[in-house]
Every structure is written in structure tokens, then in C-alpha cells.
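Q: one predicted model, sequence on top.
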Amino acid sequence: MSDEDYAIETTDAGASSTIPCEAGQIKKGGYIMIKGKPCKVLSISVSKTGKHGHAKCNFLAVDIFTGKKLEDMVPSTHGTTVPVVNKSDWEIIDIGEDDELTLMDEGGNQKVDVNLPTIPEGFGEEIREAWNGGENQVMVTVQSAVGIEQIVAYKKENN
């Protein structure tokens, strides 16, 4: 076999987008994957150990991107997955015709693969009005988990 047989297109650190965790270790306000969606835990109720010996954790959580409520029940000693959630602040440089954003962070790095949010209703228009065609400086918080990126908050800076 020669070196020409392998073509590496991209490089990646190989970091996983989720981490395994015992269900009993997840706390209120933490994150959990339910039905393949990253969720923030609203409440946990733990049932007593039954005749077969497992206490069950009943999780009530909300999808961090859509705001939809989801429920899951997992035995407390069993494993579940927790999403790796990152938040970062960016300044809006431009808003395109199709609601695509050009963002820049404090280090001068640009990001062009984020669109104005569609959830909750009217949130994207609120950001567009606050930016006012570039008249105002607007900072947005981009939340990312399991390969999805979405704007979750914005702040209008006073010049």
C-alpha cells in the first residue's frame, strides 16, 4: 500500500458531542439528551426502589433549541448521555437578504454559517430591528450542541 491510497479531507480532534453519564448524577438545570435532542432539565423526580431494586429518575426537560417540553424515565444507576453545550458571544457585522448573519468575535474571527433564529416567533425580527441596518452595535449569544448552532440571546450595545 502506498501513501497515495489515503486522502484525509478534514482534521478533527475527535471530540464527541455527547458524554455518557449515570442518570442519578444529572441535576436540575443540567443537560440531558432525550429522544436525540439536547435538553435542559427542569425537574427530576426519583421514585423509590421497587421490588427489582432500581430507583427511577423521571426527567422533565425542555429542548434547548425549540423550547419543546420532553419527558424521559431512566433507572438511576443506568447510563444516559449528556450533550456538550457551548455558548459564545459574537457581534453582528451584517444581516443578509435571506436572514444569514455575518458575525465577529472579540478575536476578529468571522462566522457566516448562522441564520437569524425562527424560534421563538418574532425573535429574529427583534434582532434585525435592534441592529437597525448597522446603526446599532448588537451582540448575540450563539449556543451550540450536537452539531446545531442557534442564537439564543441578544444585547444591544449603547455607543
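A: On my side now, so go ahead.

Q: can you tell me which residues contact the nearest residue to Phe65 once chain neighbours are set aside?
A: Excluding the flanking residues, the one nearest Phe65 by CB to CB, 6 or more residues apart in numbering is Gln150, at 5.2 Å. All C-beta spots, glycine's among them, are computed from the backbone N, C-alpha and C. Counting by CB atoms under 8 Å, 6 or more residues apart in numbering, Gln150 makes contact with Phe65, Val114, Pro117, Ile119, Val142, Gln143, Ser144.

Q: secondary structure element holding Gln150?
A: strand 148-157 (DSSP states H and E).

Q: adjacent strands (with direction) for that strand?
A: strand 137-145 (antiparallel) (DSSP bridges).

Q: got the CA coordinates for the partner strand in PDB?
A: Coordinates of each C-alpha in strand 137-145 appear next as PDB, following Å, rounded to 0.1, in the frame of the first residue of the first chain:
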ATOM      1  CA  GLN A 137     -24.000  47.500  17.800                       C
ATOM      2  CA  VAL A 138     -25.700  44.200  18.700                       C
ATOM      3  CA  MET A 139     -24.100  41.300  20.500                       C
ATOM      4  CA  VAL A 140     -25.600  37.800  20.100                       C
ATOM      5  CA  THR A 141     -25.100  34.700  22.100                       C
ATOM      6  CA  VAL A 142     -24.700  31.600  19.900                       C
ATOM      7  CA  GLN A 143     -25.400  28.200  21.700                       C
ATOM      8  CA  SER A 144     -24.100  25.100  20.100                       C
ATOM      9  CA  ALA A 145     -24.700  21.400  20.900                       C
END
